[in-house]
Each structure stands twice: as structure tokens, then as C-alpha cells.
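In: Could you work out the structure for the sequence below:
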Amino acid sequence: MFFIDMSLVAAGGALGAVLRYLVFVFCANRNFSGFIPTILVNLTGCFLAGLFTGWLLNSAEPEGWTALLVLTGFLSAFTTFSTFVADGILMINNRQYVRLFAIIFISVGGGLGAAHLGFLLISLI
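Out: Sure, this is the predicted structure:
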């Protein structure tokens, strides 16, 4: 069972990482650079996490493998806390403190809001 669980996490992680890469390429092709792709994937991932968590909690018999595939694998690889931190370090080095605090507020506050919105939407269904 352990190896099946690891395979689910790995498969979800591979899909999430590839999709994150595609979002960054999409943004780069449209001249959206800097922190915008990071915020986009993180807020989208938070929304999807809220939707999925709401679905799991409202499901009569949630399958344990779905949480491993979607939450632990896919969404963990799709969202990117490390890139968020790297962007923050660059802003500190460039003394862009107002921008840094705006990004922190947008990422944390927006992420919580997006997750809550997803959770509320799934509970309405």
C-alpha cells in the first residue's frame, strides 16, 4: 500500500509541476513577469484546495487516494511557496519593501480568501 500511495503522490506532483511550468510559460509569453505568475498559481491552487477540501468533507465516503493524488501531490507541486519566498528575497535585496508587503498580503490574504471561496462554492452544490 505504501508504494501505491507514493505513486499517487508522485503522479499528482508530476502533473502539478508541469501545469505550474505551463502557467509560467504562458505568462512569460504575455509579458507577465516577476511575481504575477507566482501569485496566479498560488491563488488558483488555494481556490482548488478549498474546492477539493469542501468536496472531501461533504462526500459520503471520500476515497483516501484522492487526497494523496490531488492535495499532497498535484496541488503541492502546482503551488509554489519556494518561488514566493525567492521573489520576496529579491524584493528585500532591491529594497522594494512596499511591494514585498503587498505581495505578502495578496498571497496570504488572497490565498485564504480563495480557499474559503472554493470551500463555500462546493458546499452550495
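In: And the lowest-mean-pLDDT helix or strand in the chain, what's buried?
Out: The helix or strand of the chain with the poorest confidence is helix 64-67; it has a mean of 88 (mean pLDDT, DSSP states H and E). By 16 or more other C-beta atoms under 10 Å, the buried positions in helix 64-67 come out as residue 67. (C-beta placed from N, C-alpha, C; glycine too.)
In: Not counting that helix itself, show me its contacts.
Out: Where contact means C-beta atoms under 8 Å, 6 or more residues apart in numbering, the residues beyond helix 64-67 that reach it are 4, 5, 8, 56.
In: got any ranges where this protein has weak pLDDT?
Out: By pLDDT under 70, the weakly predicted segments of the chain are 62.
In: can you give me the helices for it?
Out: All helices of the chain, identified by DSSP state H, fall at 2-29, 36-58, 64-67, 76-78, 81-93, 97-124.
In: Report how many residues lie close to residue 48.
Out: Using other C-beta atoms under 10 Å, the number of residues around residue 48 comes to 19.
In: Distance-wise, check residue 13 relative to residue 89.
Out: Remark: distance between residue 13 and residue 89 (C-beta to C-beta, to the nearest Å) = 24 Å.
In: Nothing else from me, thank you.
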